[in-house]
Structures are given as C-alpha cells and as structure tokens.
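In: From the sequence below, what's the structure:
(3 chains)
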Amino acid sequence: MKKVATLIMVLMVVSAGVIFSAGEEEAVSAELTMAGAEPTSYTKFAVEVGAEIVFSGWGDATEQQIYIDGIERFSKIYPGVTVDYQPIPADFQTKLKAMMAGGTAPDVFYVDDQLMTAFGSTGQLLALDSYMEEASVTREDFIVSLLAIFTHDENTYGLPKDWGTLGLVYLPEAFEAAGIAEPTDDWTWDDLYNAAKTITEKTDYAGFGQNADWARFAPWAFSDGGSYTNADFTKATLDTPVINKAADFIMKMKNDGLLVTSADVGAGWCGEAIGKELIAMTYEGGWMVNYMRNEFPDVNWKAVQVAKSNAGNRSNVIFTNAIGVNAGTAYPKAAAAFTLFITSRENQAEVAKTGFAYPAHPDQLDLIIDPNDRAISAGGLVGKVAYWGPNTGKINDQVSKALERTYLGAMGTEDSFAEADKKVNAILAGE
Amino acid sequence: MNKQASLSKMRKVEERAAYLFLSPYLIMTIVFTVGMILFALYISLHSWNLFQSPEFVGLDNYFKAFRSEDFLRGFLNITWYTLLVVFFQTFIAVFMAVVLFKPIPGKQFFRTFFYAPSVTSSVVISMIFWWMYLKTGYVNLLMSKVAGIFGGEWNAVEWLNNPTGLFQLIARAFGGDIAFAQWYLHGPSVTWMALMVQAVYTTSPTFMIMFLAALVNIPPSLYESASIDGANSWKQFWKITLPMLRPIMLLVVVLGTMGCIQMFDYVKIMTAGGPLGTTLTPVYQIYTETLGINGPIRAGYGAAMAFILAVVIFVFTYIQRKFIEEKTELY
Amino acid sequence: MLILRYLILAAISVILFTPFILSFLGTFKTNIEIISWPPKFFPANWLWKNWLDTWTTDLGRGGTFPRWLFNTAFLAVLTGTLQVLFCAMGGYAFARLKFRGKNIIFTFMLSSMMLPGIVSLVPKYVFMAKIHLINTYWALILPGAVDAFGIFLLTQYFKSIPGELEDACKIDGASYLDIFRNVIIPLSGPALLTLFILKFQSMWNNFMEALLYLSKVSMWTLNVALMTFQQQYQTKWNLTLVGAMFNAFPVLLLFFIFSKYYMEGVSYSGLKG
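Out: Residues are numbered from 1 along each chain as shown, chains lettered A, B, ... in the order given. Model prediction:
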C-alpha cells in the first residue's frame, strides 16, 4: 500500500510539472501597417501588426472544422494576424458572461439574443459601423431583418453569420398511404387540417406534430400580422384576436386528434418523430437535413414552405446568430477585420458549400444546395425574428407556457393567452 | 493554583493544535468563501448586471422575491421535494447498507452493483427514466399488467407532463376536486413525484456508502453481548445499530436536505420547471436570474433569493440537529 | 435463509445495475438503435468503432482523448488525496479538540454550504481572473483541496469512534499529532475511503468549474470534452454513452477494489497489527 502511495505521489509531482507549464500570452505593441497583398474581391484595411486574437463559438466537430477552415482562409488575406480558436462546447453564454466580467473574454465570439441582451446595452461590444465603412460593407449587404437583434442605439454590434427558419417537413409515404396529394407552397391552414385528418383516419401515422413551443407557434401567430409584443417592446399583444385565432386553430387540431406532441408518439422532438416515421407532418428547420442524413439516411422526407393562413398570408420565424467583437479587445481593427471576413460573402459562400448553414446575404440564397434546404429557406424571408428587446427569452417562454396550459386542458385558449398577456406586461414593467 | 496553571497551559496547547489542524481549511475558506459570501450579501442589496457598477436598491430585491408567485411556488415545490426525498433516500440508504453489511459471499459485487446508479451520468439516468416514464413506457406497461391482474384497467399516464397534484388526485378519488387557481393546495404534482423517484434512485447509493463506513465502527462486541442477552436482530438494529449511527444519520439528513433544497439539474434537463410550474425550484430561478438565461441579468435579485433560501435551510438544519443529536452538545 | 437473502440482493441489483448495463450495451449501438422505442437490449451489430471513434477524437491544438483522460485522472487523484488529508485534520479538530470559536466556525462552515453555489459563479470567476489562475489547474485544485462538505463528513465519523483509545494515549503523553496519526487515521480507514471516493468522483465528473476555468482544448477535462458530442439536434448518443462509461467506470472500479475495506471490525484489528 505504502509503495503504491509513494508511486502515486511521485507521478503526481511529475505530471504537475508537465501541466503547469502553460504560459501567458504577452501583449504586442499596436502598430498599423497594410497586410500582405493577396488578390481577392474582399476589401482589406490596415490592422495592428502582430495582432493575436482569440475567437470562441459553440458547436460540434463539424462546426468547429468550418471555422478552422475559415480562419485558414482569413490568414491568407491577413497573414500578420494570428487567430487562436477556442471553442466552448457547452453553456456558451454563461461562460462568456463570466469571462467578460473577469476581463478574459475572447476578442471575437458568437453573439445571440441572450448575449446581446447582456452585452449590447452595457457597453461590452464594439460598434462595428466604422469598420464596416472602411471595408465597404453596408447593413444592406445582409438580410436586413436579421440585424434587428444586433442593433442597439443605431449601432451594429454583431454581423449575422447565418440564419434559419421553419418549413413544413413531411413524409411522402404517409400521403401515399392515405391516397392524397403531397403539400405544396400554396397550402393554407385548412389544407393542412384536412390532410392531417385524412392521414390520421386512414393510416397509422399521426397527422401533424407540434409541441407547446413559442417558435413552432410563431408561423401561425405571425401570419395575419400577429406579434408577441408591440413594435417598441413596451406592451404585450398576446390577448388579441389574431393570436387567439391561431391558438384556436391549433387547439382544434389537437382536440380533433390531428395534432400530437413528440412525447405522445415516443420521440424526443418532432424531427425525431419524422425520422422514426411516426408523424406525417411537422414544422422544422434546416437542421433536419444533416440530422436525417446522419441518423435516418433511409427515410425519404421532403419540405415545403409553412402553410399560409386561411386569409392567404404567410409569415415565419427567423433564427439567427452573429459574430461580435469584445469592446475591451487589444486589437480592435484585427478583430473587426476577422469578423467582417467570417461574415463576408466570400466566406459564407464557402460555408454554404458544406450545406451547414444558410448564408446571411440576400443575394446568396441560390448557393443553398439541398432541395429541402432551398424549400425551407424560401419561406423564411417573409418571416421575422422573434426578438422583443432584453426580455425576449422570458416573453417567448410565457408564450410556450400559455400553449402548455391549453395543451394540458388547464385553461381555454382565450383565458390562457390573456394570462400570458398579463404576465408579459408585468415582465416588461420589470417585475 | 499550580494545577490550574498547568490546566490552562494544556488548554492553550490544545487550542493551538486545533487551529493548526484547521489551518488548511481556514486559509482556503478565508480566501475563497468568506469574501464570496460577503460579496453576495452586498450584491443582494443592489441592482447589478455583472458589468457595470452596482446600484444600491436597499431591500427591494428581497421584497420582489416575496412578491414573486414563481418564487413562492418554487418554495412550496421544494418543500414537498425535500420532505419526501430526504425521508426515502435516508431510509433506503440505511436499508441497503444494513443488507450489504452482513457477510455473504460475493458481497463485493453486490456492493458495486448497488453503487452503480450514483456513478451513472445524470444525462444517461435522465434518458433511461424518460423511457420509463413515456406514455408508452415501462411504468405504464407494468401498471396495466398489475391492473389486469386485479381485473381493472389502467389509463396510460404521461408521467413527465402531468401537473395534477397529489391532493387533487385524492380529492378526485372522493368525487371532489381542487380548483386550478388554488395551486398551493394541490400538493406535489405527478411529474414532480416522478422526478423525486429518480432523485432517490441516484442519491441513495451515495448515502449508502456513508452508512457502510459508519457500520464498520460499531464494535462487534456490542452485538455479541446483545445476542447473549437474547436480543433478536430486529431488536439489535433498534437498540445498537441505529443509536450508533446517530452522528452519520445527522450527516446524511443534513447533507440530503442541503442537496434537495438546492436541486435543479434534473429540472434543467427534463422539465425546465413545467408542466404548469409544478417542478419549478428556487435554485432554478436563481440560476436563470443571476446569469440572465432568458432575460436581463439580475444578479442582485438572484443573490437575494439565495439568501432567503439559505436562511430557510439554516432553520431546517438547526431543527434537524436538535432532533437527531442527543444530549445538549450542539454539533 | 441464505437463498432468500441472495434473492433480495439480486433483485435490488437488477433494479440498480440495469441502467449501467443498458448504457454499456448502448455504446455498441447505432444512434437510431439507442433512441428507438421499444428499446432492444442487445445491439444488432456490435459497433466497436464507437469506442475507437471516441478514443481517437482529436480537436486539434492538443485536444485529444487520452490527454483529457490524463488531465481528469490527475485532477481527481490529486484533489481526492488533498481532501482526505486536510479534511481529516479539520475533522479531528472539530470532533475531538476544545478551542475558542469552535461553535462559531462550525456553524459558519455549515452555513457556507447553504448558499447556492450558482450565486458566486461569476464573482468567483472574476476573483480567479484577478489572481491569474484562469487557464491553470490551480483554479480547480485550490478550492477543491479542502471544503466544508469533507470536514463535516469526517467530523461526524470521528465522533462515532469510541474515545477510550485516545484517553489511554493521552495518559501515555502522546501529542495531538501522534493521536491523529496513530489512532484517528488508522481507525477511520473506511470513512477516509468514502471521502476519497466521493471527492474523486465529484472531480472526475466536474463540469461547470472545469468548463469555466479551462479554455485551452488541451487542458479540458473529460466531461467538458464530452459535451462536443451533444449538440441540440445532433446528439451522438452512442459516443455520449462511451463517454459516460469513461465517467462511471473508473469510479466503479475504485469502489469495487476498495469495498472490501468496508468490513466489520476491520479498523480494530488493523490497530492491533
């Protein structure tokens, strides 16, 4: 026993020597020169000499590879800038907030609505507008609705790296089994209802899958002009006829047995229920493409745009994340240059080739290769980002809770959304 | 006189020894803990977003917590949770330890099997319990089989999405009901109780090994003389084992209480507080507020809720110490 | 009677060990097999590849699986050992010695466990950054070397040790250090072992601190690295389960090896020898 203990102690001391040898980076003086000249359409500008920037994002190995490749392309244009990529595999926002408070945050990082809420109004992000001007990039180069989240006091604090939306995802085999035509881009809610009814009656598939979730509810709610709050985010607009009509329609489908949740059919989420061939239709997004390819390569599935309301209007929900720069960076120019490059047409075109994400430039949508991705993305531009100011998360959560109450039959739609309206107003009042 | 002087010298030596023995803890706690607690107390009186300088707001954060329906709801939920989980996990842990302590060939294997749930990752445990609790899952399957034996029928329950409270169920069994708005009378919901089962399952083995280590210290001679006196093993358990386990019982109950009241990982992974807020816990709210998970960061508000919670735990613990520890010795 | 006891033990074992077996078998399945309902017990094809894929994970910049395993083992063994040493010292003081302020310090120690840790997550990070411990293992080792939990645990055990032996030693003129070394430590093997196992396990499974304090891929611990297998819509369950095995197995093995020390009277006989 004693010998073993001694051995362990010796090993620990030796390995401690190995481990604690990690060094600190030293600061480099910030002289400016023009970076090396490589032929490209991308407009460069002068950055700090010897700049070393740290870049962090989330993502699995595939996503990490995309950014490793992007950094390589960047270093061809700016050979003088070193980019240290430090992915954060989980709890990204929590770690970023702690790092920012501790003054150790990366120079460049992903920004989502949660981080924008925390950093945007508290001066932790660098306004990118002057650097955009230097690089001849305008806000109009991006799909403008994506920028809504990342704009505060008319400054741009993040540039969208990609975006996503929802489409009507379905299993052709279910429609064949029921003997009815497959969905089209022109479908209305009633078409969807009728198809779900026929499929539910004639086949073993459940008609339509949707959980009590604010995002999946958004295409229904937004179509005829509904919204979760008013335009300046000061008042809830959940207790309105438009929202009630959308919720009533969903509840009618549910009460008629045409709408099921993923748990009802034994799946973790509705995309998985499609993969397991349990439901005929659902609203899901571009993540389905790689998911189905990896997990259910033998299942044939298709997508069209989400259904129009019975009044003939369509809307959708848009998800987006951006790249932003730490206001406290030692190399603001290099960091801005990197951000501008990663979100540029040149780089997003390369990312689009991998089928990983939709480019955030409106003229690049034809670069989307997969037919299902094309179908889903086509219905996205009419949509909007479900962003309601700093309380976005709580407000969306109240919508999910309102749906949960109605799903469980604890309240009628009208009462439930009236309650959510009351709660959202309380949240907006700072309670 | 001389005797007293040497006595006081002895006390000095003892005191110095005590502080020397405690010094590693004292140094670490002064560096890492004392400051943090004082800082949290300071922050609880301020409005703070982590990045800009805190703004003094007095006791507002505390008032806000008491006015928050979600916070009160979380408190009620966690009280049910703590009462039931601490009772069952302690009971089961003692049972498992006693069963495993008696010599039997292959004991080492059984002990390892018994310990397995506490080393299986919470993600994996959650996934397996999710299977169990599905509408089409094993629990419903088993219940319908059992009901079949008694000639009844079992309506499949969605265990992880059922807000019906225990007292509601009882009221309904007698033909009554409790109104939806009177949530405080509903008792723990079906989903909440399902999570309790999951928690007891994973924590009992941890406490089991604490009891195992304590059983070792009971001198075998006590049992020997007891059996000579003709006490059966049931009597021996009550007269010898339990009293000897008293300090560890306190340890397990106090640690269990603290763990239960601060529970939020299964809530985060499996229910996010739903359905209808019946699995909301105070620490889950402290987490979302302090770190701004779905809104602005309100670290001061989070700290205020944490202190309210700490005071409640303190009271609980104090009562437990009074009850479990014999004599007047406080610790 | 023996058969009855075996039946009871076996029944409980089945209930408690099945999740572990299921997840072990899951490591050889495809993702689809794992999430399919109703679940099948055995994999259709034994995919040893999952283990190989996990083992050969390489995120570049020194982020390889063996390295993560080494980091984690190093931290777990070191903090487990330090905990046993320092908490035994503190526990001895509380359980056996009289000193001024004892009641206050003990109450403070218990109280310090009552404040949810999440509150001081960010302030603690800021503090660690101020004293330049970010991206060093010290940020995990120092606060993990001794804590209220461990001292409370050992205090309670030491109290349950009969005091006669020490009284005898005291009369012989032994110092407190002698008593600590020669009486308390040898008598509380199982308790120290329990603390070691619990602390080894908690560092082995540590996630939040490791995620916050260690940014370099080469410095990651196992649990942080395993999160790269779990993304919102793309959880690689099979690789996650392989990872979970690396989480669970060392602790279980440790417990298996040492569980024979949890034996009746072992401490007393140990003292005589």
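In: shouldn't A:Ala105 be in contact with A:Met99?
Out: Yes. Applying C-beta atoms under 8 Å as the test, A:Ala105 and A:Met99 come out as touching, 4.1 Å apart. For the C-beta atoms, the positions are set from N, CA and C on the backbone; glycine is no exception.
In: The closest residue to A:Phe217 other than its chain neighbours: neighbouring residues, count only.
Out: In this structure, A:Phe217 finds its nearest non-sequential neighbour in A:Leu403, 6.0 Å apart by C-beta to C-beta, 6 or more residues apart in numbering or on different chains. A:Leu403 has 25 neighbours, counted by other C-beta atoms under 10 Å in any protein chain shown.
In: how about the CA coordinates for whichever strand or helix holds A:Leu403, as PDB?
Out: According to DSSP states H and E, A:Leu403 maps onto helix A:392-407. What follows is helix A:392-407, C-alpha atoms only, in PDB (Å, rounded to 0.1, in the frame of the first residue of the first chain):
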ATOM      1  CA  THR A 392     -37.100  38.200 -25.300                       C
ATOM      2  CA  GLY A 393     -36.400  34.900 -23.500                       C
ATOM      3  CA  LYS A 394     -39.000  35.400 -20.800                       C
ATOM      4  CA  ILE A 395     -41.600  36.600 -23.200                       C
ATOM      5  CA  ASN A 396     -41.200  33.700 -25.600                       C
ATOM      6  CA  ASP A 397     -41.300  31.500 -22.500                       C
ATOM      7  CA  GLN A 398     -44.600  32.900 -21.500                       C
ATOM      8  CA  VAL A 399     -46.000  32.000 -24.900                       C
ATOM      9  CA  SER A 400     -44.800  28.400 -24.500                       C
ATOM     10  CA  LYS A 401     -46.400  28.300 -21.100                       C
ATOM     11  CA  ALA A 402     -49.700  29.600 -22.500                       C
ATOM     12  CA  LEU A 403     -49.600  26.900 -25.100                       C
ATOM     13  CA  GLU A 404     -48.800  24.300 -22.400                       C
ATOM     14  CA  ARG A 405     -51.800  25.400 -20.300                       C
ATOM     15  CA  THR A 406     -54.100  24.900 -23.300                       C
ATOM     16  CA  TYR A 407     -52.500  21.700 -24.400                       C
END
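In: For it, name the packing helices and strands.
Out: helix A:113-119, helix A:214-223, helix A:241-255, helix A:413-428 (3 or more C-beta pairs under 8 Å, 6 or more residues apart in numbering or on different chains; DSSP states H and E).
In: Dump those helices to a markdown table, plus mean pLDDT, mean neighbour count and distance to B:Ala299.
Out: A markdown table is the format used below for the helices and strands packed on helix A:392-407 (pLDDT from 0 to 100; neighbours: other C-beta atoms under 10 Å in any protein chain shown; distance: least, C-beta to C-beta, whole Å):
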| stretch | mean pLDDT | mean neighbour count | distance to B:Ala299 |
| --- | --- | --- | --- |
| helix A:113-119 | 91 | 25 | 11 |
| helix A:214-223 | 94 | 24 | 26 |
| helix A:241-255 | 95 | 19 | 33 |
| helix A:413-428 | 94 | 19 | 18 |
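In: Can I get these in CSV including distance to C:Met89?
Out: Formatted as CSV, the helices and strands packed on helix A:392-407 follow (distance: least, C-beta to C-beta, whole Å):
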stretch, distance to C:Met89
helix A:113-119, 42
helix A:214-223, 54
helix A:241-255, 63
helix A:413-428, 50
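In: Which of the ones you listed sits closest to B:Ile218?
Out: Within the helices and strands packed on helix A:392-407, the stretch nearest B:Ile218 is helix A:113-119; the backing value is 53.7 Å (C-beta to C-beta).
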